[in-house]
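J.: Sequence first, predicted model second:
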Amino acid sequence: MPDDSSTDARFFIGLISGTSADGIDAALVRFDGDDRCELVHGHAHAWPQALRARLVEIGQGARIDSLDEIATLDVQVGEVFADAAQALLAKAGMTADAIAAIGSHGQTVRHRPAGAAYDGRHPFTWQIGDAHVIAERTGIATVADFRRRDVAAGGHGAPLLPALHNALLRAPDEDRAALNLGGIANLTLLPADPGGAVRGFDTGPANCLLDAWCLRHTGRGYDADGAFAASGRCDDALLARLLDEPWFTAAPPKSTGREQFHLDWVAERLRGDERAEDVQATLLELSAHTIADALRATQPSTRRLLACGGGVHNPLLLARIAAHLPQVRLESTAVHGIDPDLVEAMGFAWLARQALAGGAGNLPSVSGARGPRVLGVIHPAAD
């Protein structure tokens, strides 16, 4: 049982399924009276296979058959998120009454923020996973719908983790950056200067294209250790066509998702005679190249790059990022005592705590919103 010796300590749960929809990450986080946070326990919860497959299809732009389908998926996702929270509590040996709140990101099905090609007049972002279901099934107050208020305020609603990166990873002696390698890659710029603004933005694909191409050509959901990519060679001509995407040169704030970067986007740039393993190697190089380019363009003084997310388990991807940034020390957040697989889930526990306290959850310098906003809707536990 975790030590709760401080009377000011409170426990929160953070839940997230990211762009890759490869599972639900659940983090049990302890906050003390000095605003310090500590990961108490983590859990990776698998999606039911058929549900995951449909979520990935929708995330890549597949047609939604009816209002009934999306409403049913909303409930199904909420049920699986509730299962993830309960499994986490069982592993940690804790009960629901010890938890102040759950912060649930849900599953993104569309992300069309300001400046998106779809309709710049009506920006939106949409995450499903009915928080009423989570609150009822767990008996714990649940905070959800974190992104839409920022979008309504003119922001991108993403990325939302830079505030946590700032609290956990900033240092006074060097310019740093945090790199989240999920389905999409995003950077948080953490200058040593205490007066320097924290900035953050998406850089483009990290794992989403790699995972999708690997699944199509090998039947495996991800490229373990980068072995499939390592069996091929980067096709420089294809890489040039991929890099010609205007989104990469757009200035921050910016965010993206599967709506922009999916296999049809890749197919439009193929000649048709490429070997599958060479395309995989090229997609990996695309991720590394765009991450490095973005960091050089926005904080060339960076000396340490702290990586988290599923991509930290791909040694070839890390090696290629490091090769593009020879003056930067690239290391996992694990070196600093923070589990790289659970940083995002910890962030949604932090956001839930902010919402309960009435504190801002966004950083306008990151999202482009008109100002700080309290993020999330609180769904109280049943009496």
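T.: Done, it's in. Residues are numbered from 1 along each chain as shown.
J.: mind checking how far the nearest residue to residue 75 once chain neighbours are set aside is from residue 325?
T.: Nearest non-adjacent residue to residue 75, counting by C-beta to C-beta, 6 or more residues apart in numbering: residue 130, 5.2 Å away. Every C-beta, even on glycine, is put in place using the N, C-alpha and C of the backbone. From residue 130 over to residue 325 the distance is 42 Å, taken as C-beta to C-beta, to the nearest Å.
J.: re earlier: burial count for the residue nearest to residue 75?
T.: Residues contacting residue 130 under the criterion other C-beta atoms under 10 Å number 23.
J.: my guess is it contacts residue 78, does it?
T.: Yes - between residue 130 and residue 78 there is a contact under C-beta atoms under 8 Å: 3.6 Å.
J.: Mind jotting down where the strands sit in the stretch 201-350 of the chain?
T.: 304-308, 329-332 (DSSP state E, counting those that start in this stretch).
J.: So what's the gap between the shortest one and the chain middle?
T.: The chain centre lies 19 Å from the centre of strand 329-332; the measure is C-alpha atoms, centre = their mean, to the nearest Å.
J.: Next, the contact list for residue 140, please.
T.: Applying C-beta atoms under 8 Å, 6 or more residues apart in numbering to residue 140 gives the contacts 13, 85, 96, 99, 101, 102, 134, 381.
J.: And this protein, what are its domain boundaries?
T.: For the chain, automatic domain parsing gives the domain ranges 10-157+343-379, 162-336.
J.: For the first one, measure first residue to last.
T.: By C-alpha to C-alpha, to the nearest Å, the extent of domain 10-157+343-379 from end to end equals 18 Å.
J.: which stretch of helix or strand covers residue 352?
T.: Taking DSSP states H and E as the definition, one finds residue 352 inside helix 343-357.
J.: do you know which of the strands of the stretch 201-350 of the chain lies nearest residue 287?
T.: strand 304-308 (12.1 Å; C-beta to C-beta).
J.: Pull the residues that contact the closest one.
T.: Residues outside strand 304-308 that contact it (C-beta under 8 Å, 6+ apart) are 169, 171, 174-181, 295, 318, 321, 325, 328-333, 335-336, 338, 340-341, 343-344.
J.: Give the PyMOL command for selecting the buried subset of those.
T.: Typed into PyMOL, the line below selects the buried ones among the contacts of strand 304-308, using 16 or more other C-beta atoms under 10 Å:
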select buried, resi 169+175+176+177+178+179+180+181+295+318+321+325+328+330+332+333+338+340+341+343+344
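J.: Of the contacts of strand 304-308, which belong to helices?
T.: 169, 295, 318, 321, 343, 344 (DSSP state H).
J.: Would you agree the last one is in contact with residue 309?
T.: Meaning residue 344. Yes - at 7.0 Å, residue 344 counts as touching residue 309 under the criterion of C-beta under 8 Å.
J.: who touches both of these two?
T.: Common neighbours of residue 344 and residue 309 (C-beta under 8 Å, 6+ apart) are 18, 180, 182.
J.: Let me have those residues in a markdown table, extended by distance to residue 72 and pLDDT.
T.: Converted to a markdown table, these look like this (distance: C-beta to C-beta, whole Å; pLDDT from 0 to 100):
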| residue | distance to residue 72 | pLDDT |
| --- | --- | --- |
| 18 | 22 | 84 |
| 180 | 31 | 97 |
| 182 | 26 | 93 |
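J.: Mind checking which of these land in strands?
T.: Counting by DSSP state E, the members of the shared contacts of residue 344 and residue 309 that fall within strands are residue 180.
J.: Just give the closest residue to residue 145, not the sequence neighbours.
T.: Of all residues beyond its chain neighbours, the one nearest residue 145 is residue 377 (4.7 Å), with distances taken as C-beta to C-beta, 6+ apart.
J.: got a list of what the one you found touches?
T.: 131, 143, 144, 145.
J.: Next up, phi/psi of it, please.
T.: Phi and psi for residue 377, reported as degrees, to the nearest 10, are phi -110, psi 130.
J.: Low-confidence stretches in the protein?
T.: Scanning the chain for pLDDT under 70 picks out 1-9, 34-35, 115-120.
J.: Which helix or strand lies directly C-terminal to the longest helix seen in it?
T.: Secondary structure of the chain per DSSP H: the longest helix is helix 67-92. Proceeding N to C from helix 67-92, the next assigned helix or strand is strand 99-104, under DSSP H and E.
J.: Report the angle between the next helix or strand after that following strand and helix 67-92.
T.: Using DSSP H and E, the next helix or strand after strand 99-104 towards the C-terminus is strand 107-112. If you take axes from the mean of the first three to the mean of the last three C-alpha atoms, to 10 degrees, strand 107-112 sits at 130 degrees to helix 67-92.
J.: Run through who's touching strand 107-112.
T.: 17, 19, 21, 55, 58-59, 70, 77, 118-119, 123-129, 157-158, 255-257, 259.
J.: Restricted to helices, list those residues.
T.: Residues of the contacts of strand 107-112 located in helices (DSSP H): 55, 58, 59, 70, 77.
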